[in-house]
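[1] how would this look folded up:
(2 chains)
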Amino acid sequence: NAGVTQTPKFQVLKTGQSMTLQCAQDMNHEYMSWYRQDPGMGLRLIHYSVGAGITDQGEVPNGYNVSRSTTEDFPLRLLSAAPSQTSVYFCASSPRGPNTEAFFGQGTRLTVV
Amino acid sequence: AQKVTQAQTEISVVEKEDVTLDCVYETRDTTYYLFWYKQPPSGELVFLIRRNSFDEQNEISGRYSWNFQKSTSSFNFTITASQVVDSAVYFCALSPERGNTGKLIFGQGTTLQVKP
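    Sure, this is the predicted structure:
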């Protein structure tokens, strides 16, 4: 019963490096999202997708790319890591329809030095 | 503009006290959903409750209760007889656009510390 799986759980990057945070869900959910959590700011939406092949920007998209080639996977790419991207990243999925809730992964703690 | 405000940054209580966490939201949508999530020290996000904008009935689940008032745009959360295990960060969130839960708007979170 995996739910939403994020890898890795922890990552340290040097400024300027690129990497991909992986997110996979096995619930056949149509909606998937990426959030970042920073102290005192709650969770802020980076990018989201309402289905395979469809993505859109959230509140803080700069410095991040996403793609959704399958229903199951929604990777988040950091193009050139910056210390300001040090954060905890959460992936979420939810089924289409109003009477649902989002299911979250365990989070990825990213440090950019 | 869509916004969720949790004005209480940190709350500290002694075990068995009742505590209320405040949540105020802003939206122009007539149909929307409100949520509460709990984030224990282990870091995961745990869903607690969902409420739609047409249902203003209060809800009780064990020691937890929620008070939704559209007139004041508030969705407050009360823990009765708090326990140490309730220590966590609690987030209130809004799902605009007819419940598109792919785009949650979160409040800043309230850190609750329950001391033995």
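[2] C-alpha from now on. contacts and neighbour counts both.
    Noted.
[3] beta partners of A:Q57?
    A:H47 (DSSP bridges).
[4] per-residue confidence for it?
    Among the per-residue scores, A:Q57 shows a pLDDT of 94.
[5] same check, this time on A:A24
    Looking at A:A24, its pLDDT reads 98.
[6] Equivalent analysis for A:G97, please.
    73.
[7] and it, how many residues sit next to it?
    Neighbourhood size, A:G97 [other Cα atoms under 10 Å in any protein chain shown]: 13.
[8] same thing with A:S84?
    Neighbours of A:S84 using other Cα under 10 Å come to 10.
[9] In three-state terms, label it for me.
    Put simply, A:S84 is helix when judged by DSSP: H, G, I helix; E, B strand; the rest coil.
[10] Who are the contact partners of it?
    Neighbour list for A:S84: A:V112 [criterion: Cα atoms under 8 Å, 6 or more residues apart in numbering or on different chains].
[11] B:Q108 now?
    Applying Cα under 8 Å, 6+ apart, we find B:Q108 in contact with A:G40, A:M41, A:G42, A:L43, B:V4, B:T5, B:Q6, B:T9, B:F91.
[12] where along chain A do the helices fall?
    Counting by DSSP state H, one finds no helices in chain A.
[13] near chain B, which residues of it?
    A:31-33, A:40-45, A:48-50, A:58, A:92-94, A:96-107 (Cα under 8 Å from any Cα of the partner chain).
[14] May I ask which of the contacts of B:Q108 has the most neighbours?
    Among these, the one with the most neighbours (other Cα under 10 Å) is B:F91, at 27 neighbours.
[15] what's the nearest residue to the residue nearest the centre of chain A if we skip its chain neighbours?
    The centroid of chain A falls nearest to A:W34 when counting by Cα atoms, centre = their mean (2.9 Å). Leaving aside its sequence neighbours, A:W34 sits nearest to A:C91 (Cα to Cα, 6 or more residues apart in numbering or on different chains; 4.6 Å).
[16] which residues touch A:D26?
    A:A2, A:G3, A:V4, A:E72.
[17] Filter the residues you listed down to the buried ones, ChimeraX style.
    In ChimeraX, a selection of the buried entries from these looks like this (16 or more other Cα atoms under 10 Å in any protein chain shown):
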select /A:4,72
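[18] So which of the contacts of B:Q108 belong to strands?
    Among the contacts of B:Q108, the members falling in strands (DSSP state E) are A:L43, B:V4, B:T5, B:F91.
[19] Pull the most distant pair out of those.
    Distance extremes for the ones in strands among the contacts of B:Q108: the farthest pair is A:L43 and B:T5 at 12.4 Å, using Cα to Cα.
[20] intersection of neighbour lists for those two?
    Common neighbours of A:L43 and B:T5 (Cα under 8 Å, 6+ apart) are B:G107, B:Q108.
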